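Undergrad: quick one, fold the following:
(2 chains)
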Amino acid sequence: MNSNAPTFKLTVSAVGVMSDFAHLTVYNGFLEDIARGYEKLDLNLPQGLYSITLKLDGNIIKEHVRLTEDTNYEIPTPPVYSSLVADRFESSHEYYTHNAQHCSLEPTVQTGTTEGGAIFLFFRYTDLDKRKELNTEQHSLGNGFSLLDADRQVLYRLEGDNIREDTDTGWMAFHAVLPIGTYYLHYSGHKFNSEDGGANDIPPREIPLQVFKSSASLQGLSDKYWQTQVFLTFGYGPIFPSMSVFIAPRKHGFIDNDEGNYRIDGLRHKFHNGVYYLPEKVLLEFEKGQWASPMKGLLAAYVYFSSPETDNELLFRNVAQDLPALLGEDTPDVKALQVMAAQYYKDPIPEVTLSQPCMFLAGVRAVIRASIKHPDIIVDDSLLEDITDKLYCDMVWTSYLPEPLPAAKKQVEEATPGAWWTDGIFNVVERIIGDETTPEEIGERLLKSQTVSTLLYYIEKLNDDLNVNDLASRLQIPPNVVRKTINHILAFSDSIKDVKSKPDQFNISNINKLKSIQ
Amino acid sequence: MSPKPLVSEAPLPPTTGPCEEVTNENLIKGLPVNEQDYAIIVGVSHYASLAQLNAPVTDACRLRNWLIKADGGNLHPQHVFFIPSAPGSTMPDQLAIDKALSDIIQLAEAKPARRLYFYFSGHGFGSNWEVNGMCLPIWSPSFYNAALSSKAYLDLLVEKDLFKEVYFFLDCCRDRKINTKPLHSMLGGARPGGANTMAVVMYASEYENPAWEGMMNANGNLQVHGYFSRALLEALNGGAVNNSGDITITSFLDYVREKTESYAKEKNQTQTVRSDIRNNSYGLDYVIHKTGRTPGTVLTIQFKTGGDISLDGPDLSNIKSGLVQAGESWLIPLGKGYHQITDKISKRSSFITIDGTLKTMIYEF
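TA: Residues are numbered from 1 along each chain as shown, chains lettered A, B, ... in the order given. Below you'll find the predicted structure:
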C-alpha cells in the first residue's frame, strides 16, 4: 500500500431497529480486519477498496466500498424477530400489539386486591399464517400452563375466564395483580407430530417469575408497583428460549414503542449467545442513575458479572449496591447477583441463603458454584436445592423439569408412567422402591436419571481423589445434592443386595467407592 | 503434578488408520521440527445410534497430515495423536481420548511444551452457550451424556499451564440439547490453576446452530468436508496468509470465519463461526504460522460484452485497462485482496475477491 496515498473519513453506521447491537467489521483491500465494533465506526483510511460486514441476529450483510472521498456509509439493519410485540420488530403485528397493550392494562382475573404488583403473560404465534399452519384446530395457547404461588400451589390455570385470547389470530393474555414474591409459570408438556411426521415431545417445564417490591421510595418513577411482563412465541408448542421478560410500571402496562425494551431484548439475545456486550447508551443510563427499567439493570449486571472484562468496575459495584433498594434485598435475583459480584471481584461470598430459584439462570449457576465451598448458601431440602439437577440450560431464564402439579400429580403419573421420574432422584427412589417391579427394572429406571447415571459413570472410571466437591463440580450440582444422591443410591443398592441379577453399575466396587466418599 | 495413569479398556485405533502415510521431511533430513508441539485429532464419523457422517475422519486426516508435514505444522509424527472412529466400532471412548491427553501431558511435563492442537469433528450438541457436547460413538438417547464437555476439556488444558498456546477446534453441531451434562476429563482433580496458557477456540457454529458438511469441489476433487474444517485447512495451507507471508491470529480467524460462512451460503445454509481467545498476551497479530509465501491467483477474466475496462487493485492502483471485445479474455496474476473491475462506458462495476487459496480462477464480466 502506498503510504503517501490520501486519507479520507469513512463513517460506517448501522441504522434501524437494534442498531446498538449490530456488529460491524471493516476489512481493507488486502482482506485484513482493520476495525470492528458495534453500531458506528469512525475511521480515517487511505483511499482504497474496503468491505464492511454487519452481523445482527444471525443475519450477515456484506457491502463493498471504494473510498475516494469522505464517505458516510449507512447499512440498514435486517428485520428482527422477537417474542416482544414491539412496534419495530418484523414479527410484531397490530393484531398482537394492540391486544398486548390492552390486556396489560386490564387484569384478566380478579384477585380481590388492586394494590400490588402484577404478572402479565402474552403468548402468540409469529403471525396468523403460522397459526393456520401449526394449529389448525385453534387450540388455546394457555393449554398446559398454570401459575403457581411460592409454595407451588396452583393459583390459576391459563384457561377459560382466567385468560383473554383469540384462537384465530393466535394469541393469549393473562394478567393478575399479585403481592410481591416468587411465582412459577408451570407447563405440563406437549406431544406433537412435526411436519416430517416425526413424534416430538416438549417436556414439562417450570419458570420462576418474580413480582418485585414496590418502588415508592424511588424518585422519578410514576408508579409504585411493577408489572412483570412475559412474552412467548409459539411454534408447534411454546418456544421457551424465545421468552422475553420485562419489568414496567404497572399502570403503564406494555408500551409497544418503548426504546428501552429494544435494548433489553438485544441484551438478552446477546447474553443468550454468550456475548457479554453492554451498549454505551445503557452504560450511560446507569452512570446518570437512570433506573426507569429494573430489568435493564438486572440484565446488565448479569451480563457484566458474566464477562471477564474489567472496565466499569466502579459503576457495577454501584449497580449491585442499588439493586437491593430498588427490587428488595430478599429477592432471589438480588441475592444471586450479590454472590456473582463477589465471585467477580474475588470478594468473600456474602452470607446470604437462597431457598427459591432466581429468574436468571446465570444467578442459579453462580449460587451452585458458590455452594461447592459454601454449602449452606442453598437451604437444605428447599425447592432451589431440588431443582439444581433438573435445570434446563437453553435460555437465559431459569427453568427446570418440575414435579407434577399437586392436584394433577396422580393423573399425570398414570398417563405417563416413568416419564416424570427420570431426573428427580429423591422422589424417584422413594417411589420406585416397593413397587412390584424387578430389581433390574428398578435399576434401569433409576439409571435413566442423568444425575445418577453420570455420577455412577464417574465413580466407575475415577479411581483416586474421589470426593464430593469434585463430583459436584463435574455434575454442576451442589455438594449436598451429590451426598443425597449417593445416599439414595446406597439405600437402593442395600435393598437389592441379595438379588443376583442387577444392573452392572450397582456392582460392589462402585458401591464401595460410594461408601468411601459418603 | 504427575497425571493419573490411564489405561483404555480397548486398544487405541492405529496411529494412521484411514489416513495416507505422511512423513515429516525435516526429520528425514535432520532439520529441526517443532518438538514442543502436540496434537490430539479426533474424527468420529461412525455412531451406534446417530446418522453416519462422511467428513469427520477425512477432515481429521487432512489436519493430521498438515500438522506432520514439514511445511505445515512441522510436528514430530509421534506427537500427533490421531483418534478416528471406524465402521462397526464404538471406539473411541472417553478413555481413548483421555489416554492420549495423559500421554501428552506426561511428555509436556518432562520438557517444556509450546503448543497443543485439539480438534474434534463429529456429532455434537450445545449443552449451553459455553459447553458443547462432543458426541462419542456410543452416544444415544440412552447414553445421553456420552459426550465430552468442550469447556471442561478446554479448562483443563488451560489451567494445567503446561502449554503456551492451545488451539481448540470443534467442527460439530451446537444444536441445543436440554438438561445434558457432558463428561469432564478423567484427568481432572487438583489443578495448578496458573491459567497463563493462551487459548484460541473456534466453534464451527454459533450456539444452537448446526455445523454442516457437504460435497465440495476443491481444485477439481469432489469430496465431502465439513465447511468449517475445509476453511480451517485452507487457512493453514495459505489462505490466511497476510501479505508478509504470515498467518496471524487475526488473519486465521477472519479467513476461517469468512470462508465457512461463504461455503454455507453457497448451499443456502447459514453457519457462523464462533471464536474465543483466552489469556492472549501476545496480541492479535501474533504469528501462528510462517509460510514465507505471498498468496496469489492467476485470474482469467472472460468478457461477455465489449467495453472500456479498468481493473483496480486493493489500494486503487490500476492493474490493467483497455478496450475489449466480447469473447476476449485477460490473464492476470493477482495478489490476495479485493479488486474492482469497471466498464467506463456502461459504468458497470464489480468487486473480485482473491483469497489466495486457488492457483487459477476464471471470472466472467
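Undergrad: using the three-state scheme, assign the residue in chain B that chain A sits nearest to.
TA: Here the residue of chain B nearest chain A is B:Pro314; by CB to the nearest CB that distance is 2.4 Å. All C-beta atoms are positioned from the backbone trio N, CA, C, and that covers glycine. In three-state terms, and counting by DSSP: H, G, I helix; E, B strand; the rest coil, B:Pro314 is coil.
Undergrad: go on, A:Ser493?
TA: Following three-state DSSP, we place A:Ser493 in the helix state.
Undergrad: next one: B:Pro333
TA: B:Pro333 ends up strand, using three-state DSSP.
Undergrad: what about it, distance to B:Leu236?
TA: B:Pro333 is 23 Å from B:Leu236, where distance means CB to CB, to the nearest Å.
Undergrad: direction included, what does the longest strand anywhere in chain A pair against?
TA: Secondary structure assigned by DSSP state E gives strand A:238-249 as the longest strand of chain A. Strand A:238-249 pairs in its sheet with strand A:226-234 (antiparallel), by DSSP bridges.
Undergrad: then the partner strand to CSV, C-alphas only?
TA: What follows is strand A:226-234, C-alpha atoms only, in CSV (Å, rounded to 0.1, in the frame of the first residue of the first chain):
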residue,chain,number,x,y,z
TRP,A,226,-44.1,-3.1,39.0
GLN,A,227,-45.6,-5.4,36.4
THR,A,228,-43.6,-8.4,35.3
GLN,A,229,-44.3,-8.9,31.6
VAL,A,230,-43.6,-12.2,29.8
PHE,A,231,-43.7,-12.6,26.1
LEU,A,232,-43.5,-16.0,24.5
THR,A,233,-43.7,-17.2,20.9
PHE,A,234,-45.3,-20.5,19.8
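Undergrad: now do it: distance to the chain's middle.
TA: The chain centre lies 13 Å from the centre of strand A:226-234; the measure is CA atoms, centre = their mean, to the nearest Å.
Undergrad: how about the contacts made by the most centrally placed residue in chain B?
TA: Closest residue to the average C-alpha location of chain B: B:Leu232 at 2.9 Å, with CA atoms, centre = their mean. Counting by CB atoms under 8 Å, 6 or more residues apart in numbering or on different chains, B:Leu232 touches B:Leu63, B:Phe169, B:Asp171, B:Met202, B:Val256.
Undergrad: most neighbours, which of the residues you listed?
TA: B:Asp171 (34 neighbours; other CB atoms under 10 Å in any protein chain shown).
Undergrad: surely that residue and B:His123 touch.
TA: No. When contacts are counted by CB atoms under 8 Å, B:Asp171 is not listed as touching B:His123 (10.5 Å).
Undergrad: picking up where we left off before, what's the angle between whichever helix or strand comes after the longest strand of chain A and strand A:238-249?
TA: Scanning forward in sequence from strand A:238-249 by DSSP states H and E, the next helix or strand is helix A:259-272. Orientation check (axes from the mean of the first three to the mean of the last three CA atoms, to 10 degrees): helix A:259-272 against strand A:238-249 gives 140 degrees.
Undergrad: show the average pLDDT along helix A:259-272.
TA: Helix A:259-272 comes out with an average pLDDT of 88.
Undergrad: mind checking if it is in reach of chain B?
TA: Yes. With CB under 8 Å from any CB of the partner chain as the criterion, chain B is reached by helix A:259-272 at A:His272.
Undergrad: got the domain boundaries for chain B?
TA: The record's domain parsing of chain B by automatic domain parsing lists B:25-290, B:296-364.
Undergrad: out of these, the one nearest A:Thr71 is which?
TA: domain B:296-364 (13.6 Å; CB to CB).
Undergrad: before we move on, what SS does the residue nearest to A:Leu456 when sequence neighbours are not counted have?
TA: Using CB to CB, 6 or more residues apart in numbering or on different chains and skipping the chain neighbours, the partner closest in space to A:Leu456 is A:Gln505 (4.4 Å). With three-state DSSP as the basis, A:Gln505 sits in helix.
Undergrad: does A:Gln505 touch A:Leu455 like I think?
TA: No. Between A:Gln505 and A:Leu455 there is no contact under CB under 8 Å: 9.6 Å.
Undergrad: what about the two, which has more around it?
TA: A:Leu455 (25 against 20).
Undergrad: residue contacts, the more buried one?
TA: By CB under 8 Å, 6+ apart, the neighbours of A:Leu455 are A:Leu471, A:Leu475, A:Val482, A:Thr485, A:Ile486, A:Ile489.
Undergrad: then B:Phe118?
TA: B:Ala39, B:Ile40, B:Tyr153, B:Leu154, B:Leu157, B:Val166, B:Tyr167, B:Phe168, B:Phe169.
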